[in-house]
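>>> whatever this is, show me its structure:
(one chain, ligands or ions: 3)
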Amino acid sequence: MPTLSVTQLSQLAREIKQWGKALGFAHIGITDVDLTEHEKPLQQWLDKDFHGDMNYMASHGMMRARPSELHPGSIRVISARMDYLPPEAGFASNLSNPNLAYISRYAGGRDYHKLMRQRLKKLGDKIAQHCQELTADNVDFRPFVDSAPILERPLADKAGLGWTGKHSLLLHPEAGSWFFLGELLINLPLPTDVPIEEGCNTCVACIKSCPTDAIVEPYIVDARRCISYLTIELQGAIPEEFRPLIGNRIYGCDDCQLVCPFNSQAPLTQETDFHTRSPLIQPELLSLFSWTETEFLSKTEGSAIRRLGHKRWLRNIAVALGNAPANEAILQALEQKAQAEDIDNMVLEHILWAIKAQQTKLSITKDDEVSLSRKTQRVVRSIQKGLPRDA
Ligand code: B12
Ligand code: SF4
Ligand code: SF4
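Ligands and ions are numbered 1, 2, ... in the order given. Now for the predicted structure:
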């Protein structure tokens, strides 16, 4: 382990925060590697099967809560926040138009994993070089961004980056919650930061607004009910009970953050790479549904959406088309796709579900009327009132 003096370590901690800012991180905090108090809640969450078919959540045992086992020798975690809210997010206009596809605003630009990991690696290199010059000792570090089994949110909470909201995400009184987390595990005994005070108080807006009631208790999300899981993580069929509740959300969901009062002044991202790319700005469902696999792969190149694959892309859009107002053009597009020779059985089942939903609606009314669920109407009103810049 490097042998810096206490004064040198304090000075270094200050410099790490400045270097982090220069690398595009909005907030850096430092904490130790002890997550013992999270082992029991994590195990309870797994025991209840809240992870669904995300086997990677269960397969590493308690290593998630033991960063020092993940990278032996680590005694500190440098936790980093990077903001992703793009300008002109258009949340309300997008959610209130059921003929448009809604894509979570974290995913419309470049995949954050690689970008953040590279920046964290640069920060680690800078620290190592600095220590080499001071003491000629070797610093050992490893960057993580959602890439390995590690409890990122509890670490960031301990490092003072924010408090854990009742939606289970980290949020900060000034910065809200539109940010990614990443960290460097390191073998330097840097001074640690203190957590900030919890600020949700009596608010329960996120719990009340979740379209699928996935926040089953304050701070606890049953992933199997969460639209983010259903549209991104789940490999197979989306359970029917959730399909009508998904609305037009074809990739992830932002509702629990959209109603959070702390997002009213949230900073926009400094990374132009996170701005929503043109084919994904308020896109028509029918237009996205018409993409061939080759088009899907080229239009989502470099984006996290690409990992979904064309099959699940079609699955998700079929559900949203089934939820769209009655429309002959939609029915036709669905029927055409159902007859495609290479259509996958799982996708076909969703298309048939959507055809049935459209036929039922068409038999009742031919109006292209807006049919939003009560909850979505409330979320839209809350965005227009609380987040006018991003509405
Ligand atoms: C698995 C996962 C999911 C799953 C499960 C979500 C969940 N809440 O666990 C699904 C697919 C549903 C999901 C969805 C989303 N995710 Co996600 N996800 C993860 C991942 C990979 C692991 C999270 C985890 O460990 N869950 C296990 C459970 C047990 O952990 P937990 O919820 O923190 O549970 C703790 C609390 O319940 C706590 N607890 C229990 N009782 C109490 C009581 C009190 C008072 C308190 C304070 C705490 C507490 O103890 C538990 C153990 O520590 C992390 C990245 C990472 N490696 O950490 C990203 C991560 C959490 N996700 C992230 C994001 C952005 C999202 C989405 C917003 C994406 C989207 N727009 O669609 C949604 C939000 C949904 C939501 N409300 O959580 C970001 C969050 C950034 C932030 N600001 O906090 C992360 C950190 C990724 C990243 N690197 O930036 N995600
Ligand atoms: S992301 Fe959507 S579905 Fe998941 S907990 Fe939040 S509001 Fe509910
Ligand atoms: S909506 Fe309310 S309860 Fe939920 S995280 Fe924000 S402040 Fe906390």
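>>> quick check: which ranges of the stretch 251-391 of the chain have low pLDDT?
365-370 (pLDDT under 70).
>>> run the last query once more with 80
Regions of the stretch 251-391 of the chain meeting the criterion pLDDT under 80 cover residues 365-371.
>>> show me which residues of it sit near ligand 2.
Residues of the stretch 251-391 of the chain found near ligand 2, taking C-beta under 6 Å from any ligand atom as the criterion, are 253, 255-256. (C-beta placed from N, C-alpha, C; glycine too.)
>>> change it to 8 Å
Where proximity means C-beta under 8 Å from any ligand atom, the interface of the stretch 251-391 of the chain facing ligand 2 comprises 252-257.
>>> dump the residue contacts of residue 302.
110-111 (C-beta atoms under 8 Å, 6 or more residues apart in numbering).
>>> restrict the residues of the stretch 251-391 of the chain next to ligand 2 to contacts with ligand 1.
Among those, the ones lying close to ligand 1 by the criterion of C-beta under 8 Å from any ligand atom are 252-254, 256-257.
>>> which of those residues count as buried?
Buried positions within these, assessed by neighbour count (16 or more other C-beta atoms under 10 Å), are 252-254, 256-257.
>>> does ligand 2 sit close to stretch 223-240?
Yes. Applying C-beta under 8 Å from any ligand atom, one finds that stretch 223-240 is in contact with ligand 2 at 225-230.
>>> cool, and stretch 193-200?
No. Among the residues of stretch 193-200, none lie within reach of ligand 2 under C-beta under 8 Å from any ligand atom; the closest is 14.6 Å away.
>>> what does that stretch contact?
With C-beta under 8 Å, 6+ apart, stretch 193-200 has contacts from 29-31, 157-160, 162-166, 171-173, 218, 262.
>>> swap in 6 Å and give it another go.
With contact meaning C-beta atoms under 6 Å, 6 or more residues apart in numbering, stretch 193-200 is reached by 29-30, 157-160, 163, 165-166, 173.
>>> measure stretch 321-334 end to end?
8 Å (C-alpha to C-alpha, to the nearest Å).
>>> before we move on, what about stretch 55-73?
Per C-alpha to C-alpha, the first residue of stretch 55-73 is 27 Å away from its last.
>>> what's the answer for stretch 140-149, then?
Counting by C-alpha to C-alpha: the opening and closing residues of stretch 140-149 are 19 Å apart.
>>> try stretch 270-284
Using C-alpha to C-alpha, the end-to-end distance of stretch 270-284 comes out at 28 Å.
>>> equivalent analysis for stretch 203-221, please.
17 Å.
>>> does any part of that stretch sit near ligand 1?
Yes. Stretch 203-221 comes into contact with ligand 1 when judged by C-beta under 8 Å from any ligand atom, the residues involved being 206, 210, 214-215, 217-221.
>>> the helix or strand containing residue 134 close to ligand 1?
Take DSSP states H and E as the rule and residue 134 turns out to sit in helix 112-135. Yes. Helix 112-135 comes into contact with ligand 1 (C-beta under 8 Å from any ligand atom), by way of 112, 116.
>>> is residue 321 in contact with residue 331, as I believe?
No. With contacts counted by C-beta atoms under 6 Å, residue 321 stays clear of residue 331, the gap being 8.9 Å.
>>> residues contacting the residue nearest the centre of the chain?
The residue at the geometric middle of the chain, judged as the C-alpha nearest the mean C-alpha position with C-alpha atoms, centre = their mean, is residue 106 (6.2 Å). If you count contacts by C-beta under 6 Å, 6+ apart, residue 106 has them with residue 84.
>>> what do you get for the one 5 residues further on?
For residue 111, the residues meeting the contact criterion (C-beta under 6 Å, 6+ apart) are 303-304.
>>> any idea how far it is from ligand 3?
Distance from residue 111 to ligand 3, counting by C-beta to the nearest ligand atom, to the nearest Å: 26 Å.
>>> buried ones among the residues of stretch 203-221 next to ligand 1?
Going by neighbour count (16+ other C-beta under 10 Å), these have 206, 210, 214-215, 220-221 buried.
>>> possible to save these as JSON lines with pLDDT, secondary structure and distance to ligand 3?
What follows is these, written out as JSON lines (pLDDT from 0 to 100; DSSP: H, G, I helix; E, B strand; the rest coil; distance: C-beta to the nearest ligand atom, whole Å):
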{"residue": "206", "pLDDT": "98", "secondary structure": "helix", "distance to ligand 3": "3"}
{"residue": "210", "pLDDT": "98", "secondary structure": "coil", "distance to ligand 3": "10"}
{"residue": "214", "pLDDT": "98", "secondary structure": "coil", "distance to ligand 3": "13"}
{"residue": "215", "pLDDT": "98", "secondary structure": "strand", "distance to ligand 3": "8"}
{"residue": "220", "pLDDT": "98", "secondary structure": "strand", "distance to ligand 3": "13"}
{"residue": "221", "pLDDT": "98", "secondary structure": "strand", "distance to ligand 3": "12"}
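>>> of the residues you listed, closest to residue 150?
The closest of these to residue 150 turns out to be residue 221 (C-beta to C-beta; 17.8 Å).
>>> that closest one and residue 212 touch, don't they?
No. When contacts are counted by C-beta under 6 Å, residue 221 is not listed as touching residue 212 (10.4 Å).
>>> contacts for the helix or strand hosting residue 216, please.
Residue 216 belongs to strand 215-217 when elements are defined using DSSP H and E. Where contact means C-beta under 6 Å, 6+ apart, the residues beyond strand 215-217 that reach it are 167, 207, 221-222.
>>> just the ones in strands from these, please.
Taking DSSP state E, the ones among those that sit in strands are residue 221.
>>> closest to ligand 3 among the contacts of strand 215-217?
residue 167 (4.8 Å; C-beta to the nearest ligand atom).
>>> thinking again about what came up before, who are the packing partners of the helix holding residue 134?
With contacts taken as 3 or more C-beta pairs under 6 Å, 6 or more residues apart in numbering; DSSP states H and E, helix 112-135 sits against helix 6-22, strand 141-144, strand 179-186.
>>> now the strand holding residue 216, how far from the centre of its chain.
Strand 215-217 sits 18 Å away from the centroid of its parent chain (C-alpha atoms, centre = their mean, to the nearest Å).
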